[in-house]
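Q: With the sequence up front, the predicted model follows.
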Amino acid sequence: MDQQTLVMRYIAEHGSITSQEAFNMGITRLADVIYKMKKKGIPVKVTIVHGKNRFGRPITYARYYL
C-alpha cells in the first residue's frame, strides 16, 4: 500500500493526521505526501496547531484533514 493511501485511510479513521502520527506509521515526509495528494486534486486542509514540546518549549505543527 502506498503512503498516500495510508494517509487517506488514517485520516478517514481518525479525522486528521500530524507528522508525528505519520512518523509512527513509517512515513517520514508527510508534507511531501500531502503535496502529492494535492497535486492529484485531493482536497487536503491544514490547520496550524500551537503546543509545547516535552521540554515545555512552544512549538507549532500542522494537522491535516480531508
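A: Received the coordinates, thanks. Note that the structure is a prediction, hence the values are computed from the model and not measured.

Q: can you tell me which helix in this protein is longest?
A: Of all segments of type helix in the chain, defined using DSSP state H, the longest is helix 3-14.

Q: Show the subsequent helix or strand relative to it.
A: Using DSSP states H and E, the next helix or strand after helix 3-14 towards the C-terminus is strand 17-18.

Q: Quick one: mean pLDDT for that next one?
A: Throughout strand 17-18, pLDDT has a mean value of 98.

Q: Can you list the neighbours in contact with it?
A: Val7, Tyr10, Ile11, Leu30, Val49, Tyr61, Ala62, Arg63, Tyr64 (CB atoms under 8 Å, 6 or more residues apart in numbering). C-beta coordinates here come from the backbone N, C-alpha and C atoms, glycine included.

Q: Buried ones among those?
A: Using 16 or more other CB atoms under 10 Å as the burial test, those include Val7, Tyr10, Ile11, Leu30, Tyr64 as buried.
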